[in-house]
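> pasted the sequence and its predicted model underneath.
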Amino acid sequence: RCLKWKEAYADYGLHCGSQEFRWVGKAKTQEGEHHNNNLKAEMCMHFYEQFDENYCVQRNFNSRAKTQWCYVSAECSELNGGGAIPKTAASWKVCNATQDRLLQDQTPDRLYQI
């Protein structure tokens, strides 16, 4: 079962930004790097760290890839290509559309409620 995002940061030794943005492309300029850092800070502060749900989210939010992922307890063995996160009590997993709640499948009304 996916962890609630807010719970993952509060209780599992995770720090926002360590995994969520691994798939963001490297900026080619200093201005681009500054933009990436601002985006990461905004997404952490205003989305991930406040998200009190256990939905899977887009692995690479700036691409067309459909892979969704979430944090799970380190005891979870069904990582589907994910992996352990060193020095934490968590792992990350690639989500399965038939077993997990995918944020991308939610209606606009449901997204507004979240």
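Cool, got the structure. Numbers count the residues shown, from 1 in each chain.
> in what helix or strand does the residue nearest to Cys2 when sequence neighbours are not counted lie?
Of all residues not flanking Cys2 in the chain, Cys70 sits nearest, at 3.6 Å (CB to CB, 6 or more residues apart in numbering). To be clear about C-beta, it is placed using only N, CA and C from the backbone, and glycine gets the same treatment. Using DSSP states H and E, Cys70 sits in strand 68-73.
> report the distance from that strand to the chain centre.
When C-alpha coordinates are averaged (CA atoms, centre = their mean, to the nearest Å), strand 68-73 and its chain have centres 7 Å apart.
> what's the average pLDDT for the helix or strand just after it?
Using DSSP H and E, the helix or strand that follows strand 68-73 in sequence is strand 83-84. Across strand 83-84, the average pLDDT comes to 94.
> which residues touch strand 83-84?
Strand 83-84 is contacted from outside by 74, 91-92, using CB atoms under 8 Å, 6 or more residues apart in numbering.
> mind checking how far it is from the chain centre?
That offset, for strand 83-84, works out to 14 Å (CA atoms, centre = their mean).
> ok, then the element right after it?
Next along the chain from strand 83-84, counting by DSSP H and E, comes strand 90-94.
> what angle separates that next one from strand 68-73?
Calculated by axes from the mean of the first three to the mean of the last three CA atoms, to 10 degrees, strand 90-94 forms an angle of 150 degrees with strand 68-73.
> follow-up on the earlier one: out of the contacts of strand 83-84, which are buried?
91-92 (16 or more other CB atoms under 10 Å).
> could I get the contacts of strand 83-84 as CSV with pLDDT?
Below are those laid out as CSV (pLDDT from 0 to 100):
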residue, pLDDT
Ala74, 97
Ser91, 96
Trp92, 95
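> looking at the contacts of strand 83-84, which is nearest Glu42?
Of all these, Glu42 sits closest to Trp92, with 21.3 Å by CB to CB.
> name the nearest residue to that closest one, sequence neighbours excluded.
Gly82 (4.4 Å).
> and the contacts of strand 83-84 as TSV, adding distance to Met45?
Putting the contacts of strand 83-84 into TSV (distance: CB to CB, whole Å) gives the following:
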residue	distance to Met45
Ala74	26
Ser91	24
Trp92	20
